[in-house]
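Asks: Here you go, sequence then predicted model.
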Amino acid sequence: MKRIESYVNRLLAESTPDRPLWNIEKIREGKINGWNYIDGCMMTALLNLYEITGQRRYYEFAEQFLDYYVFEDGSLRGFREEDYNLDNICEGRVLFEVYRLSGKEKYRKAMDTLYGQIRRQPRTHEGSFWHKAIYPNQVWLDGLYMGQVFYARYTTQFEDCAHYEDIRNQFRTVRRRMFDPETGLYRHGYDASGAAFWAGENGCSQNPWLRSLGWFSAALIDVTAEIADGHEDFKAEMTGIARELAANLLPYIDRESGMLWQVPNQVGREGNYPETSGSAMVAYFYMKGARLGILEESYASVGADIFQSICRRYLTEVDGRLNLGGICLVAGLGPENNRRRDGSYEYYISEPIVENDAKGLAPFLMCYTERLQLEEKQ
């Protein structure tokens, strides 16, 4: 386990706020780094590490990193509300902790900046947030993690839980529209208008995609953990959806690799592979869910086994340097001018597989912190 912390320390030492080593997507594109969900996932993992290990260097790096992106008036470097991109809400979840620990008012103002987008985010006719302005009427599983965790925390802490029913309705809509009874899993995307080129008769995309299921599973646990006492019906409904998904994912854990695959219901098909980021998020879902009592206690060992399988398969050492592989760089649906992203099996297996990208590294470290807590209990 200590070698994992050494790996993290190396990544931090070689990263700067404007060029973090883990944002492989931006590095490949040659773009200037701005406020984004990839860094948000990494900062979440670092703050978790700080909370569990007490090693202040993790908090100090996260605070210095955020200090670069958050201006005194609460505006954010590279953030544009008019994009109405739910991904950009994700990093906001770390502001609560950094504000509490630092006392810097600019972090409180930045929360309000992001909440302004939440309140003005375009919606489908059923009340669900659009995933982005460029994806009108579309709901992606990813977006439940990107937007709803911050939304739940903000309305709990600052609005006396005023918008719980809105959050509840959006999870209900996903369960009603995107759940596939044939597989027991959820499709990656849903277009409430049915207009997207990738949408089938029911408005859904063709296949489940592992990382989107991972985002969704993590959202179920993290949002449920935010629900205040006195809202037991909401908590019970979220717990029911989480427990259903936990049971339905079990058959898709490959016995040979111990992981879940990029297209999870097509294990062993040519081109498919055990994928790190989604497997790590599912492991996090199982371990944290069990720790909090949202899932049954037995799921803790299921998550721990997935985590160990990732370590065995994809955590490698070359010249004394650890690397985490098996990470799908990116996947999505459309837009109209990118019809390659059509939700087909062939599309999902065509995306690049990389090492050390935060979309895999951050969930892996979140698993690591859950594993540390599990060890403390044993």
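Replies: Structure's in. What do you need? Numbers count the residues shown, from 1 in each chain.
Asks: CA atoms for contacts and neighbours, from now on please.
Replies: Will do.
Asks: okay, and for this protein, where does confidence drop off?
Replies: 1, 378 (pLDDT under 70).
Asks: Centroid-nearest residue for it?
Replies: Central residue of the chain (C-alpha atoms, centre = their mean): Trp215, 4.0 Å from the mean position.
Asks: What does that one show for phi and psi?
Replies: Backbone torsions for Trp215, taken as degrees, to the nearest 10, come to phi -60, psi -50.
Asks: For Gly334, what is the enclosing helix or strand?
Replies: If you go by DSSP states H and E, Gly334 is not part of any helix or strand.
Asks: just the one 4 residues further on next, same as before
Replies: In this structure, Asn338 sits in neither a helix nor a strand according to DSSP H and E.
Asks: In CSV, list the C-alpha atoms belonging to stretch 88-99.
Replies: Extracted C-alpha coordinates of stretch 88-99, given in CSV (Å, rounded to 0.1, in the frame of the first residue of the first chain):
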residue,chain,number,x,y,z
ASN,A,88,-17.7,21.8,-14.7
ILE,A,89,-19.8,21.5,-11.6
CYS,A,90,-18.0,18.4,-10.4
GLU,A,91,-14.8,20.2,-9.1
GLY,A,92,-17.1,22.4,-6.9
ARG,A,93,-17.6,19.6,-4.4
VAL,A,94,-14.0,20.1,-3.1
LEU,A,95,-14.7,23.8,-2.4
PHE,A,96,-16.7,22.9,0.7
GLU,A,97,-13.8,21.2,2.5
VAL,A,98,-11.2,23.7,1.4
TYR,A,99,-13.4,26.6,2.5
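Asks: Okay, buried residues for that stretch please.
Replies: Applying a neighbour-count criterion of 16 or more other C-alpha atoms under 10 Å, one finds Asn88, Ile89, Cys90, Glu91, Gly92, Arg93, Val94, Leu95, Phe96, Val98, Tyr99 buried in stretch 88-99.
Asks: Contacts for it, please.
Replies: 35-41, 43-44, 47, 63, 79, 105, 107-108, 110-111, 114, 145-147, 149-150, 153 (C-alpha atoms under 8 Å, 6 or more residues apart in numbering).
Asks: hmm, try it at 6 Å
Replies: Residues from elsewhere that reach stretch 88-99 (C-alpha atoms under 6 Å, 6 or more residues apart in numbering): Asn36, Tyr37, Gly40, Thr44, Tyr107, Met146, Gly147, Phe150.
Asks: Excluding chain neighbours, what is closest to Gly184?
Replies: Using C-alpha to C-alpha, 6 or more residues apart in numbering and skipping residues adjacent in sequence, the residue nearest Gly184 is Asn248, 5.5 Å away.
Asks: Ok, Asp180 next?
Replies: Leaving out its chain neighbours, Asp180 is closest to Tyr186 (C-alpha to C-alpha, 6+ apart), at 5.5 Å.
Asks: Give me the distance between the one you found and Val330.
Replies: Separation of Tyr186 from Val330 (C-alpha to C-alpha, to the nearest Å): 19 Å.
Asks: Between those two, which is the more surrounded one?
Replies: Tyr186 (25 against 13; other C-alpha atoms under 10 Å).
Asks: what is the more buried one paired to in the beta sheet?
Replies: Beta bridges link Tyr186 to Phe179, judged by DSSP bridges.
Asks: For it, give me its contacts.
Replies: Applying C-alpha under 6 Å, 6+ apart to Tyr186 gives the contacts Met178, Phe179, Asp180, Pro208.
Asks: So how do I select the buried members of these in ChimeraX?
Replies: In ChimeraX, this line selects whichever of those come out buried by 16+ other C-alpha under 10 Å:
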select :178,179,208
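Asks: Once you drop chain neighbours, what's closest to Ser193?
Replies: Ser193 sits nearest to Asn137 (C-alpha to C-alpha, 6+ apart), 6.1 Å away.
Asks: how many neighbours does the one you found have?
Replies: Using other C-alpha under 10 Å, Asn137 has 24 other residues around it.
Asks: Surely it touches Tyr190?
Replies: No: Asn137 is beyond contact range of Tyr190, at 8.3 Å (criterion: C-alpha atoms under 6 Å).
Asks: Common neighbours of the two, please.
Replies: Counting by C-alpha under 6 Å, 6+ apart, nothing touches both Asn137 and Tyr190.
Asks: Next, format the contacts of Tyr186 as TSV and append distance to Tyr58.
Replies: Listed next are the contacts of Tyr186 as TSV, based on distance: C-alpha to C-alpha, whole Å:
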residue	distance to Tyr58
Met178	37
Phe179	38
Asp180	40
Pro208	34
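Asks: from the contacts of Tyr186, which is closest to Glu51?
Replies: Taking C-alpha to C-alpha as the measure, Glu51 sits nearest to Pro208 out of the contacts of Tyr186, at 33.5 Å.
Asks: and that closest one, which of the three is it?
Replies: Taken by DSSP: H, G, I helix; E, B strand; the rest coil, the conformation at Pro208 corresponds to coil.
Asks: so it touches Tyr190, yeah?
Replies: No: counting by C-alpha under 6 Å, Pro208 stays clear of Tyr190, with 11.3 Å between them.
Asks: what's around Ile38, how many residues?
Replies: Neighbour count of Ile38, defined by other C-alpha under 10 Å: 23.
Asks: and it, what helix or strand is that in?
Replies: Using DSSP H and E, Ile38 falls within helix 37-53.
Asks: Which neighbouring elements make contact with that helix?
Replies: Packing partners of helix 37-53 (3 or more C-alpha pairs under 6 Å, 6 or more residues apart in numbering; DSSP states H and E): helix 56-69, helix 87-90, helix 358-377.
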